[in-house]
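>>> pasting a predicted model and its sequence here:
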Amino acid sequence: MTLAAASLLPTPFLSKNVWAVEAGMPLPIPPVLELDGGAGNVLDAMAGKHGFSPGRTTRTLGFSQDFLGPVLRMKRAQTSKITVRNKTNDLITAHWHGLHVPGIVDGGPQLAFAPGQTWSPELEIDQPASTLWYHSHVHGRTAEQVYAGLAGMIFIDDPDGQKEELPSNYGVDDLPLIVQDKAFDEDASLIYVKRGPSLMHGFRANQIVVNGAIRPAATVPAGLTRLRILNASNARIYHFRFEDDRVLSLIHI
């Protein structure tokens, strides 16, 4: 399966030679954390080292892994309990982007917490089946922290409203695709520019990364495949299409 992402915005000027990256790794599939009313569901915001392509590692951030975080799976009409622990050296939050919950548990900038602290919200889930995401949302630091990896996907399941005909074999014909653009220095470190046009319009980079791999490849079975596409880039806009121009059908927004 080859899904092309055609950007509508130009890449920034990069003043240094960048690492010659290699594409084509297998598509990484994030683990799933099933959230329910029980205790023991933990997300650790942490520093790590991640391989975006073979042979080189990059300093990153992630939730309970080196880069990005697990898919949080929740069910309508249930309470999801989770504890977020800050093991980074900076303020963080965990904002449930698109979740219909009160501001006191929404994880916005007003709820930032310091290194070594924990936060344990209870989330009452009452909305239709959907694909959402979570990310750190510290005032003045959101873009940089998401770029470094503090983000992940949320799946809301609605047993009463689920369409049985949709592909549902996670990681096989139901694929999460977290799309980001990255720029790498010659030592494989992430480049992130916070001045000039990038400060005014948002930073845009020159390598497309999906689930933490540079332009990865996925093999899927014959038949329908569900692609849960999240644009987690800072500022880049995409048109998604197949190289052979087969039809993409939108089933969720």
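Perfect, I can see it now. Numbers count the residues shown, from 1 in each chain.
>>> can you name the residues bridging to V32?
V71 (DSSP bridges).
>>> for it, give me its contacts.
Residues near V32 by CB atoms under 8 Å, 6 or more residues apart in numbering: 70-71, 73, 170. From N, CA and C alone the C-beta is placed, and that goes for glycine too.
>>> most neighbours among these, which one?
V71 (23 neighbours; other CB atoms under 10 Å).
>>> so that residue sits right up against P31, yeah?
Yes: with contact defined as CB atoms under 8 Å, V71 counts as touching P31 (7.2 Å).
>>> farthest pair in the contacts of V32?
P70 and Y170 (11.7 Å; CB to CB).
>>> after the helix or strand hosting Y134, which helix or strand is next?
Under the criterion of DSSP states H and E, Y134 resides in strand 130-135. Next along the chain after strand 130-135, taking DSSP H and E as the criterion, comes helix 142-148.
>>> kindly format the C-alpha coordinates of the helix or strand following that following helix as PDB.
Note on helix 142-148: by DSSP H and E, the next helix or strand toward the C-terminus is strand 151-157. Taking C-alpha atoms only, strand 151-157 is exported to PDB below (Å, rounded to 0.1, in the frame of the first residue of the first chain):
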ATOM      1  CA  ALA A 151       1.400  12.900  21.300                       C
ATOM      2  CA  GLY A 152      -0.700   9.800  20.500                       C
ATOM      3  CA  MET A 153      -4.100   8.700  19.300                       C
ATOM      4  CA  ILE A 154      -7.400   8.000  21.000                       C
ATOM      5  CA  PHE A 155     -10.100   5.600  19.800                       C
ATOM      6  CA  ILE A 156     -13.600   6.000  21.100                       C
ATOM      7  CA  ASP A 157     -15.700   2.800  20.700                       C
END
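>>> low-confidence ranges, the stretch 51-200 of the chain, go.
Applying pLDDT under 70 to the stretch 51-200 of the chain flags the ranges 162-164.
>>> how near is the closest residue to E144 other than its chain neighbours to L27?
In space, and not counting its chain neighbours, E144 is closest to Y192: 6.0 Å by CB to CB, 6 or more residues apart in numbering. Distance check for Y192 against L27: by CB to CB, to the nearest Å, it reads 24 Å.
>>> looking at these two, which is more packed in?
L27 (19 against 15).
>>> how many residues are close by E122?
E122 has 11 nearby residues by other CB under 10 Å.
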